[in-house]
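Enquirer: Below are the sequence and a predicted model for it; my questions follow.
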Amino acid sequence: MNQAIRTTCAYCGVGCGISATPTGPRSVTIKGDEAHPANGGRLCSKGTHLGETVGLEGRLLHPMIGNKRASWDKSLDLVAKKFRETVDRYGPDSVAFYVSGQLLTEDYYVANKLMKGFIGTSNIDTNSRLCMSSAVAGHNRAFGEDIVPASYDDLDEADLIVLVGSNTAWCHPIVYQRIQAARAARGTKLVVIDPRRTETCEGADLHLAVKPGTDVALMNGLLAWCDAEGITDPAFVADHVNAPEGFWEHIRTGHDLWTTAKTCDIAPALLEQFYKLFAATPRTVTMFSQGINQSIRGTDQVNAILNVHLATGRIGKPGAAPFSITGQPNAMGGREVGGLASTLAAHMDFAPENVERVGRFWAAPAMATKPGLKAVDLFRQINEGRVKALWVMATNPAVSLPDAGSVREALEAVPFLVVSDIIADTDTSVHADVRLPAAGWGEKDGTVTNSDRTVSRQRPFLALPGEAKPDWWIVKEVARRMGWRNAFAYDRPADIWREHARLTAYQNDGARLLNLRAQATIGNDAYEAMEPFRWGGERPFADGRFSTPDGKARLVLTKQMELQEPLKAWPMTLNTGRYRDQWHTMTRTGLSPKLARHREEPLVDIHPQDARDLGIADGDLARVQTAQGNSIFRASLSEGQRRGEIFTPIHWTDQISNGGRTGLLPRPLVDPHSGQPGFKSTPAAIEKVATEWKGFLILRGEQPAKVPCLWATRVTVPGGALYEVAGNGDPARLEACLPKGDRVEAVDLARGTRRIAIIREGKLAGVLFVTRTGLLPSRDWLIGQLEAEEVGVSVLAARGPGNQPDKGATICVCFDIGLNQIVAAIRDQSLVDVPAIGKAIGAGTNCGSCRPALANILAQIPQETLHAAE
Ligand SMILES: Nc1nc2c(c(=O)[nH]1)N[C@H]1C(S)=C(S)[C@@H](COP(=O)(O)OP(=O)(O)OC[C@H]3O[C@@H](n4cnc5c(=O)[nH]c(N)nc54)[C@H](O)[C@@H]3O)O[C@H]1N2
Ligand SMILES: Nc1nc2c(c(=O)[nH]1)N[C@H]1C(S)=C(S)[C@@H](COP(=O)(O)OP(=O)(O)OC[C@H]3O[C@@H](n4cnc5c(=O)[nH]c(N)nc54)[C@H](O)[C@@H]3O)O[C@H]1N2
Ligand code: SF4
Ligand SMILES: [Mo]
């Protein structure tokens with residue numbers, strides 16, 4: 001019997017504890033860790049299906065120089081030599097690292113130390129720039145330190161939870177379940193502020209579908225309301241908060257209900273309902289994420305929220321706090337080590353005394369003395385020829401940075417590019433001079449910090465595959481080869497952890513709340529056995545002291561930005577974000593057949609009226625165009641979109657699709673304080689793309705690199721892959737994608753339909769169905785045939801004996817239950833709520849991620865039809 005290993009989920013910042021029991025060399029059973037404070041044993045759909053992602057498919061298993069396999073020695077020597085030469089020739093600012101909130105704290109610490117203390121530049125930035133940097137800047141302005149003054153326990157104690165710019169039901173599902181549990185148990189109220197009606201809104205008491213970019217007006221209006229109603233806390237403010245000159249005059253001018261409602265483009269009565277609820281409910285938690293951070297005014301938007309909490313004294317108390325929820329599993333750990341170009345280390349900035357202190361602690365030969373290049377600027381400087389060597393670790397900038405087209409140019413142009421990844425071919429690594437195989441989740445060993453400052457261990461339960469090595473090891477080997485043997489003499493993650501902990505405590509006289517003194521001397525065994533713990537205490541700022549020189553928090557005067565009317569050429573506004581069951585660029589979630597079922601293609605959501613005006617029907621292909629680039633998506637008509645606004649997912653890449661490339665579209669404009677890009681709002685246009693034919697391709701085993709047609713998107717299915725395809729000209733060229741074997745074929749000339757199946761040794765090896773005017777059958781049954789023992793010509797009928805009904809789009813991935821099955825059950829059995837659906841057919845009873853979707857389906861089936869069915 002293999003032993004269960006306690007570790008932490010690979011994905012989001014909720015930071016759920018996992019109990020992993022290896023069942024073979026590359027297989028594992030995943031369960032929630034009941035003893036972990038973040039999830040108490042629950043897991044969402046992504047965590048539940050982690051076991052499907054630990055195979056070796058697509059893995060980078062050996063160092064590669066160009067397209068040739070190379071030894072570690074040779075590869076590390078080359079990286080060290082090139083960085084050394086570039087620094088000697090062009091100075092330290094000519095090199096850069098671009099790292100990630102998916103590194104462990106120990107990896108991050110070593111990379112930051114090497115860059116800022118030894119190479120001598122702060123040109124190390126991270127994808128957290130795209131994610132959390134506005135929250136970091138906002139916290140620093142208000143609190144004097146980057147502190148999230150909340151914990152998940154506050155959700156259980158709050159009477160009102162406000163979600164601003166957060167699709168929590170999809171992106172932080174276990175937090176969302178906790179919120180729903182609080183609603184059920186204590187009647188906690190939930191308000192969602194998001195221009196889209198997301199599934200998060202299904203379980204909410206109020207949804208404010210504000211005009212994008214108006215959150216400052218909304219929050220200032222709220223503060224003006226609280227002020228007028230006497231809800232502010234003058235005693236707390238007098239003792240613990242500084243207001244800049246003119247702050248209150250500003251709030252009291254032009255922030256009345258009517259003006260605010262007009263700016264936000266929502267009904268005044270709805271806004272008043274929210275303001276009244278807020279005013280009447282002292283125990284309020286306001287959670288925010290990318291709808292707030294990813295804006296060209298992200299930092300002001302953060303501070304507008306923090307202002308309300310400070311001025312009403314709703315901070316440092318049970319159930320009352322502003323709560324920035326983090327995206328990546330270790331977004332917080334990266335902030336703690338100082339891995340952003342704008343921070344130094346251990347919550348210290350570049351003040352001369354900090355530079356001196358950290359330099360002494362590291363015995364550093366070449367301390368960076370000023371902030372370095374932020375991500376968007378970094379890639380711009382590469383294109384301008386100023387940065388000449390770049391090392392990318394655990395992130396995929398060719399997909400995830402705004403204006404990804406010019407980022408690709410930079411990746412191609414930079415004279416020396418190193419990429420450390422777990423996957424061999426990514427849109428970024430195809431440009432690399434050297435690729436280094438990193439240890440992935442389940443193999444790596446260290447710590448992460450989640451949204452509520454809880455540090456937990458990621459523990460390995462799989463052997464390192466091939467020649468893969470942990471990121472900390474790779475970085476320290478390069479550092480040693482660059483000449484700094486003693487400063488990087490780490491043998492294990494625990495060595496690094498202790499050093500990091502010592503630095504947080506070093507000459508920390510209470511100026512910084514981040515202080516891991518108790519961790520600085522723990523032994524290797526204690527590190528192994530480390531239980532999740534929260535730094536900064538249970539309730540930061542409970543004593544009213546903040547990390548500023550005078551101990552007082554700061555209100556920040558924030559003004560609503562001017563919103564321009566759409567230009568004629570770009571009448572739409574493009575909003576971008578996530579799907580429930582995919583993680584970023586899909587290098588891992590994309591391997592799971594179950595997770596693929598929720599959304600099989602990249603969709604562009606558009607309001608039905610806009611679609612009608614543009615002649616776009618549901619299911620059409622549509623090209624989204626911006627000043628930066630264009631890409632094709634499948635149109636999905638949705639009443640949840642505001643007029644004039646479209647939404648696309650960030651997940652699809654060149655590795656799996658010919659379209660759906662959202663990264664090419666956003667403009668590279670950033671917030672002036674944080675440098676975070678405004679991903680949520682880009683002027684755009686959309687038009688229908690007509691194709692002469694459409695179809696699908698199902699293939700067992702090995703996949704072709706590219707399918708030669710206008711539209712081809714791949715998803716993993718049990719035993720192979722499904723491609724949806726469409727295009728113009730002769731579809732016969734797709735036949736090149738079919739494997740060798742016995743070919744059976746059926747043609748319907750009238751509809752221009754061709755059905756081809758390839759059978760090898762009695763088993764289905766591939767099918768290609770295309771049609772010019774006809775309908776295509778459901779793919780489900782055919783996919784099932786990939787694993788059937790014996791198939792014949794009858795596969796061309798695309799259905800089994802007895803005409804099974806189409807399940808419809810998969811809603812519950814745990815039990816593989818489709819929309820049509822759910823609707824049928826609701827109708828036939830007169831089911832009235834989500835638990836009833838669960839009882840009847842199981843949907844929603846495992847991970848629970850689909851419960852908001854089930855509520856949505858229930859809401860859309862008119863009750864009369866249920867009675868009619870009775
Ligand atoms: N399934 C899944 N979960 C994830 C991830 C994933 O890739 N997949 N990634 C993780 C990471 S790194 C992150 S950062 C988080 C992100 O988590 P979220 O921030 O919840 O996710 P997003 O979909 O990026 O955007 C949130 C919402 O902001 C809204 N929004 C857009 N503009 C505005 C505006 O002007 N005002 C307001 N109030 N709202 C606006 C969007 O409509 C969207 O619904 O998710 C984490 N969790
Ligand atoms: N348009 C638009 N763009 C966005 C966003 C948006 O909302 N809209 N959101 C932004 C946000 S918030 C984020 S966080 C980013 C995310 O964007 P990315 O960071 O680019 O996305 P990932 O796919 O998570 O990339 C992680 C890479 O690291 C690899 N990897 C995984 N584990 C390890 C490891 O342990 N070591 C190493 N060395 N490699 C590993 C993976 O295979 C993958 O290639 O996208 C940003 N881009
Ligand atoms: S909510 Fe889901 S993705 Fe996030 S940490 Fe928990 S199980 Fe993982
Ligand atoms: Mo993120």
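Expert: That came through, no problem. Ligands and ions are numbered 1, 2, ... in the order given.
Enquirer: since we're on residue 720, how many residues are nearby?
Expert: Neighbours of residue 720 under the rule other Cβ atoms under 10 Å: 19. Heads up, the C-betas are built off the backbone N, CA and C, glycines and all.
Enquirer: mind listing what the residue nearest to it when sequence neighbours are not counted touches?
Expert: Leaving aside its sequence neighbours, residue 720 sits nearest to residue 700 (Cβ to Cβ, 6 or more residues apart in numbering; 4.2 Å). By Cβ atoms under 8 Å, 6 or more residues apart in numbering, residue 700 lies in contact with 719-720, 739, 763-766, 786.
Enquirer: is it possible to export the residues you listed to JSON lines including pLDDT, secondary structure and distance to ligand 2?
Expert: Below are the contacts of residue 700 laid out as JSON lines (pLDDT from 0 to 100; DSSP: H, G, I helix; E, B strand; the rest coil; distance: Cβ to the nearest ligand atom, whole Å):
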{"residue": "719", "pLDDT": "91", "secondary structure": "coil", "distance to ligand 2": "23"}
{"residue": "720", "pLDDT": "92", "secondary structure": "strand", "distance to ligand 2": "21"}
{"residue": "739", "pLDDT": "92", "secondary structure": "coil", "distance to ligand 2": "27"}
{"residue": "763", "pLDDT": "93", "secondary structure": "strand", "distance to ligand 2": "31"}
{"residue": "764", "pLDDT": "94", "secondary structure": "strand", "distance to ligand 2": "30"}
{"residue": "765", "pLDDT": "94", "secondary structure": "strand", "distance to ligand 2": "29"}
{"residue": "766", "pLDDT": "94", "secondary structure": "strand", "distance to ligand 2": "27"}
{"residue": "786", "pLDDT": "92", "secondary structure": "coil", "distance to ligand 2": "26"}
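Enquirer: Scan those residues and report the most crowded one.
Expert: Highest neighbour count within the contacts of residue 700, by other Cβ under 10 Å: residue 764, with 26 neighbours.
Enquirer: So it is in contact with residue 757, correct?
Expert: Yes - look at residue 764 against residue 757 with Cβ atoms under 8 Å: they come within range, at 6.5 Å.
Enquirer: Pull up the overlap in contacts between these two.
Expert: 791, 795.
Enquirer: do you know how far the residue in the stretch 251-400 of the chain that ligand 3 sits nearest to is from residue 455?
Expert: Nearest to ligand 3 in the stretch 251-400 of the chain, going by Cβ to the nearest ligand atom, is residue 329, at a distance of 6.9 Å. Counting by Cβ to Cβ, to the nearest Å, the gap from residue 329 to residue 455 is 12 Å.
Enquirer: May I ask which two of the contacts of residue 700 are separated the most?
Expert: 719 and 739 (13.1 Å; Cβ to Cβ).
Enquirer: Identify the contacts common to the two.
Expert: With contacts taken as Cβ under 8 Å, 6+ apart, residue 719 and residue 739 have 700-701 as neighbours in common.
Enquirer: Quick one: the strands in the stretch 101-250 of the chain, in order.
Expert: In the stretch 101-250 of the chain, the strands defined using DSSP state E, counting those that start in this stretch lie at 124-126, 160-164, 189-193, 206-208, 241-242.
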